[in-house]
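A.B. asks: Using only what follows, build the 3D model:
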Amino acid sequence: MVQNDGPCDARPFSCHRLDHQVGSAILSGMPAFKQACLALIILAVMVSGSAMASPLKPEARTIRFSKQNWQVIHSGGLRGPGPNVFDARNVYLDEQGRLVMETAFRDGLWTSAHVFLSRSLGYGTYKLVLAPMPKALDVLTVFGFFTWDDNPAFANREIDIELARWGHTTAPNLNFTVQPWDGYPERQNNREFDFSSRATLEFEWQPDGIRFKATSSLGFAEWYFPEPDSSQSAPFVVPPKGRERLGLNLWLFQGREPEAADRIVIEEFRFTRWTGK
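C.D. replies: Residues are numbered from 1 along each chain as shown. Modelled structure (predicted):
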């Protein structure tokens, strides 16, 4: 578990919502006129309510990958998480048919990548195969593999596997979370993992529990929620299925500028439906 001085103290309630402390983090060190302009943009995003990472937003195209249709988000402006500017050009298939997601500096702005599955899958095993990463992600870059429902019930039915250090160079880079984690440390598990070789991320979601795994030739990580001492985790334990969709995103924590662009290459997505007993 992350201690009180760990990266989670820097995270918003949910990393797929607007960070309400983003202003000071982004604005520090900017000239006054740039601070004023950016503050107005962020305020407009907050007021309009467009910061949610919703799969229902307009201006999207569809891409076919692993026999599934994915909605590619093109925000045209700041939106959550982060907030970030999500550019559809940062999502594409390479010559091998793999899904590539990038952060990129375009037209004077850092931009990110975001897709949602076009349909809800419900209970089952969600599995993602990542190509070897030749370098570690920037300390500000976050890769998310998660479920999200626009309905706020059950914390938006958000289940997360995230590759992120949340701006802390010494923080563990692999995060398993069942939202809400804020105030409920038993709902999160973090550890260090080497992604320099081909790796598989997965979570098996059933009505009474969720099993998280990360596997590669260099390591293995597993966590089951709820643990024996968290069976009464408030306000609920395991979120029930609803209209959630699977999301993938590569974004910048608090919208801050990274030292370098990043790329995630996804070789395959697989889903196995839970059939029950």
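
A.B. asks: what's near enough to touch residue 145?
C.D. replies: Contacts for residue 145 (CB atoms under 8 Å, 6 or more residues apart in numbering) come out as 126, 128, 160, 161, 162, 201, 246, 247, 248. The way it works is simple: take the backbone N, C-alpha and C, and place the C-beta from them, glycine included.

A.B. asks: a markdown table for the residues you listed, including pLDDT and distance to residue 258?
C.D. replies: Output for those, formatted as a markdown table (pLDDT from 0 to 100; distance: CB to CB, whole Å):
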| residue | pLDDT | distance to residue 258 |
| --- | --- | --- |
| 126 | 98 | 27 |
| 128 | 98 | 22 |
| 160 | 98 | 21 |
| 161 | 98 | 21 |
| 162 | 98 | 16 |
| 201 | 98 | 22 |
| 246 | 98 | 25 |
| 247 | 98 | 21 |
| 248 | 98 | 19 |
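
A.B. asks: mind listing the helices for the chain?
C.D. replies: Here the chain has its helices, by DSSP state H, at 22-27, 32-48, 153-156.

A.B. asks: pLDDT weak spots in the chain?
C.D. replies: Counting by pLDDT under 70, the low-confidence segments of the chain come to 1-60, 229-232, 277.

A.B. asks: make it 50
C.D. replies: 1-15, 17-29, 34-35, 37-58 (pLDDT under 50).

A.B. asks: remind me, longest strand of it?
C.D. replies: Counting residues, the longest strand found in the chain (DSSP state E) is strand 263-273.

A.B. asks: Pairing partners for that one, with directions?
C.D. replies: The strands beside strand 263-273 in its sheet (DSSP bridges) come out as strand 99-102 (antiparallel), strand 124-130 (antiparallel).

A.B. asks: Can you give me the buried ones in it?
C.D. replies: 263, 264, 265, 266, 267, 268, 269, 271 (16 or more other CB atoms under 10 Å).

A.B. asks: Quick one: residues contacting the residue nearest to the fifth one when sequence neighbours are not counted.
C.D. replies: In this case it means residue 267. Of all residues not flanking residue 267 in the chain, residue 129 sits nearest, at 4.4 Å (CB to CB, 6 or more residues apart in numbering). With contact set as CB under 8 Å, 6+ apart, residue 129 has these partners: 198, 199, 200, 266, 267, 268, 269, 270.

A.B. asks: Any figure for the gap between residue 129 and residue 181?
C.D. replies: According to CB to CB, to the nearest Å, residue 129 stands 26 Å off from residue 181.

A.B. asks: Equivalent analysis for residue 192, please.
C.D. replies: Remark: distance between residue 192 and residue 181 (CB to CB) = 19 Å.

A.B. asks: if you count what's nearby, which of those two comes out ahead?
C.D. replies: residue 181 (22 against 12; other CB atoms under 10 Å).
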